[in-house]
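1. 3D, please:
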Amino acid sequence: MKVLIITLMYISLYASSIPKCVYISSYHQGFSWSDGIESSIKKVLKNKCEVFQFNMDTKRNKTEEFKKSQALLAKKFIDKINPSVVITSDDNAAKYLVSKYYKNSKIPFIFCGINWTAKKYGFPYKNVTGMLEVLPINGLFELSDTIIHGKTAIFIGDNTITDKKDLKRFQEFSESSNIKLDYELVDNISQWKSIYLKAQKDYDFIILGHNAAIKNWDDKEIKEFVYENTKKLSITTYTWMMQFSTLGLTILSSEQGTWAANSALAIINGYNIQDISITTNKKWDIWINTRIQKSSGIHIPRYIKNKAKRVTY
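-> Model prediction:
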């Protein structure tokens, strides 16, 4: 009995000695990008920090009222746990939670997944740093140019903050590359399919943005749809969109989550957050969807194929 009591006491003391960390996701579990960040955070922090997670679910629920109410619930969640550090992912957590409730607070915050710039949120604060998400648009355009020399394109995405910010950057790069770029930000799968079909006739290539906020989206249905109808090059910067795209130069959610978690550990171990500068992602993968590429008859040079990962389904 004494051995049991001592063992339980040891377990209790050991558990209480592990710091508490909170991860606030702007989106929902099941969204590939957020899941990748979550997995990387938990992998790095395993047995080093007890991770508590709150999902704001603002990709599927886009009203201002919902975003504000979720941010308030997230605040109560954080305040109840009183963590050593908080990690947030993507723009809505920054906009509705951190900038509203935690500017220069005592709790350190590390963001990731904010697209391109955090200036509109006033970051950095003395308690906030993070990794910005920058898309390899220039490199993607260069790859596309070696394949088709296209001069007209359309961006098809969902009607969210993220895709609006991405679209702005694609427009800037298109202008400097003398490419005429149109766009459509859609709300449902029917709109997406209709625009995609029209794009096969009207444009040299297609840029695919996010799909998570598109109502009634069905991966299997869209995979068969693009396989049967793709005649023009489609490109993307998101790994989960490669099942619908011919070519991709994709960012890695794991890079964002790993960096954020390692920064959290540094802070827990006494490193000053103000000495951790805001940075940007540095890694990406080249992808080819061989099924779409073959069915569309688009020729991709061997040197690109030799470097690329393959999507075969």
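2. residue ranges in this structure under the pLDDT threshold?
-> 1-16, 313 (pLDDT under 70).
3. tell me the domain ranges of it?
-> Domain assignment for the chain by automatic domain parsing gives 2-133+253-282, 137-251+285-311.
4. give me the sheet partners of the helix or strand encompassing Thr129 and which way each runs.
-> Using DSSP states H and E, Thr129 maps to strand 128-133. Strands that pair with strand 128-133, judged by DSSP bridges, come out as strand 109-115 (parallel), strand 279-280 (parallel).
5. can you list the domains of the chain in a markdown table and add mean neighbour count?
-> Where you see a C-beta, it was placed from the backbone N, CA and C, and this is true even at glycine. Below are the domains of the chain laid out as a markdown table (neighbours: other C-beta atoms under 10 Å):
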| stretch | mean neighbour count |
| --- | --- |
| domain 2-133+253-282 | 18 |
| domain 137-251+285-311 | 18 |
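6. go ahead and flag the most central residue of the chain.
-> What sits nearest the mean C-alpha location of the chain, by C-alpha atoms, centre = their mean, is Trp33, with 4.5 Å.
7. can I assume it is in contact with Gly113?
-> Yes - assessed by C-beta atoms under 8 Å, Trp33 is found in contact with Gly113 at 7.3 Å.
8. give me the common contacts of those two.
-> Listed contacts common to Trp33 and Gly113 are 90, 253; contacts here mean C-beta atoms under 8 Å, 6 or more residues apart in numbering.
9. pull the contacting residues for the spatially closest residue to Asn82 that is not a sequence neighbour.
-> Ranked by C-beta to C-beta, 6 or more residues apart in numbering and with sequence neighbours excluded, the top spatial neighbour of Asn82 is Lys20, at 7.2 Å. Contact partners of Lys20, counting by C-beta under 8 Å, 6+ apart, are 49-50, 52, 81-84.
10. Lys20 pairs with what?
-> Going by DSSP bridges, Lys20 is paired in beta bridges with Glu50.
11. distance of it relative to Leu45?
-> 10 Å (C-beta to C-beta, to the nearest Å).
12. just the closest of the contacts of Lys20 to Ala264, please.
-> Nearest to Ala264, judged by C-beta to C-beta, of these is Cys49 at 6.8 Å.
13. next, that closest one: phi, psi?
-> phi -150, psi 130 (degrees, to the nearest 10).
14. and stretch 59-69, how far apart are its ends?
-> End-to-end distance for stretch 59-69: 14 Å, by C-alpha to C-alpha, to the nearest Å.
15. what do you get for stretch 291-305?
-> From its first residue to its last, stretch 291-305 covers 13 Å (C-alpha to C-alpha).
16. perfect, I'm done here.
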